[in-house]
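A.B. asks: What follows is a predicted protein model with its sequence.
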Amino acid sequence: MKRIFKLTLISMIAVLVLAACGGKDKETSGEGSKDKGVMDQIEKRDKIIFGVKHDTRLFGLKNPSTGDVEGFDIDLARALAKEILGDENKVEFKEVTSKTRIPMLNNGDIDAVVATMTISEERKKEVDFTDVYFQAGQSLLVKKGSKVKGLDDLKKGTKVLAVKGSTSALNIREKAPETQVLEFENYAEAFTALKSGKGDALTTDDSILYGMADEDPSFELVGGTFTEEPYGIAVKKGNKDLVDKLNEALKAVKDSGKYDEIKDKWIKQQ
C-alpha cells in the first residue's frame, strides 16, 4: 500500500510540474505573450499603427472636408511604412496629443509616435527614440503689432499660452519666470485662445507656429528661436528591433531624396 501511495504521489507531482511548465511556455511564447516584441506584431498584422497629431498644421492636421489627416509627419510615416512593409498604405493613424502620446504608446494602442515629439533626456526614461528626423526650435507667436518682440518682453503681467505635456511649457517657465503660463489640451485650443485675446503670445516649436501663421497671416513669429527641439519617432521602451527598423527606413528615405521632397512640400518656411 505504501508503495502504491508513493507511486501515485510521484505521478501527481509529475502532472503538476508538466502543467506548470506548459502554462509557462504558453505565457512566454504563445500568441498572447506579454513580452512579444512590437516589431513581431507589426509583421504579423502587416500594418504599422502610428500616433499622429490632428491639430498641427503642416505636420498633422485633419482635413475637415475629406476626414484625412495630412502633413509632414503623415507623409513621412507612409514613406517609412513603404520601406519596412513594402507599401505606404500599410499604415493606420490614431490621434494623439502631447498629453496622451506616451500613455497610448505604453498601453499598446499605437506602435510608434510621429507627432512633433522633441527628444529629451526626461522622455528617454519613458520611451525609446529613433534618430532625429526634424530639427526645430521654440519660438513665440504674437498678433502683428504686439508689444512682445521676444523673451525679454515676457514680464510680470504678461500671459503665454502653451500645450499640456509639452516641453515648450517647461521651457518658457524657465526662460521667462515672471510671465503667467496658461496651458491648453491641444494647439487648436491654444491658438483659438490667442486669437480671442486670452494671452499675449503662444509658444511652441517654430515649425508648428509657422503653420498657425500660415493659417492666419495677422499673426507672426518674433524673437527667433531660443531652444533646440530635435524631433524623434518614439516607441515603447525596450523595442530595439523596431527602433533599428525605423532608423534604417529613415536613412533610406533621406538617401533616396524622398525626405527632401516631403519637407519641401510642407515646410516651405524652413
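C.D. replies: Received the coordinates, thanks.

A.B. asks: Specify the residue ranges that define each domain of the chain.
C.D. replies: Annotated domains of the chain cover 39-135+230-266, 138-222 [automatic domain parsing].

A.B. asks: Just send those domains back as TSV, with mean neighbour count and mean pLDDT too.
C.D. replies: C-beta here means a position set from N, CA and C on the backbone, and glycine is covered the same way. Converted to TSV, these look like this (neighbours: other C-beta atoms under 10 Å; pLDDT from 0 to 100):
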stretch	mean neighbour count	mean pLDDT
domain 39-135+230-266	19	96
domain 138-222	19	95
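
A.B. asks: Let me see the contact set for residue 81.
C.D. replies: 48, 87, 88, 89, 90, 91 (C-beta atoms under 8 Å, 6 or more residues apart in numbering).

A.B. asks: Repeat that for residue 83.
C.D. replies: With C-beta under 8 Å, 6+ apart, residue 83 has these contacts: 248, 249, 252, 253.

A.B. asks: Residue 99: which of those residues is nearest?
C.D. replies: residue 249 (27.6 Å; C-beta to C-beta).

A.B. asks: hang on, that closest one packs against residue 84?
C.D. replies: Yes: using C-beta atoms under 8 Å, residue 249 is in contact with residue 84, at 5.2 Å.

A.B. asks: Turn the contacts of residue 81 into JSON lines, including secondary structure and distance to residue 241.
C.D. replies: Below are the contacts of residue 81 laid out as JSON lines (DSSP: H, G, I helix; E, B strand; the rest coil; distance: C-beta to C-beta, whole Å):
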{"residue": "48", "secondary structure": "strand", "distance to residue 241": "13"}
{"residue": "87", "secondary structure": "coil", "distance to residue 241": "20"}
{"residue": "88", "secondary structure": "coil", "distance to residue 241": "21"}
{"residue": "89", "secondary structure": "coil", "distance to residue 241": "23"}
{"residue": "90", "secondary structure": "coil", "distance to residue 241": "17"}
{"residue": "91", "secondary structure": "strand", "distance to residue 241": "18"}
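
A.B. asks: Please convert those to TSV, extending it with distance to residue 226.
C.D. replies: Below are the contacts of residue 81 laid out as TSV (distance: C-beta to C-beta, whole Å):
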residue	distance to residue 226
48	35
87	41
88	36
89	40
90	40
91	35
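
A.B. asks: which one of those residues is nearest residue 161?
C.D. replies: Here the nearest of the contacts of residue 81 to residue 161, counting by C-beta to C-beta, is residue 91; it sits at 32.1 Å.

A.B. asks: tell me which element the closest residue to the closest one other than its chain neighbours falls in.
C.D. replies: Nearest residue to residue 91, sequence neighbours excluded (C-beta to C-beta, 6 or more residues apart in numbering): residue 81, at 4.6 Å. In this assignment (DSSP states H and E), residue 81 forms part of helix 72-85.

A.B. asks: Beyond that helix, next helix or strand please.
C.D. replies: Following helix 72-85 toward the C-terminus (DSSP H and E): strand 91-95.

A.B. asks: what angle separates that following strand from helix 72-85?
C.D. replies: Counting by axes from the mean of the first three to the mean of the last three C-alpha atoms, to 10 degrees, strand 91-95 points 150 degrees away from the direction of helix 72-85.

A.B. asks: mind listing the helices in the stretch 1-150 of the chain by residue range?
C.D. replies: Along the stretch 1-150 of the chain, counting by DSSP state H, counting those that start in this stretch, helices occupy 2-29, 38-45, 72-85, 101-106, 121-124.
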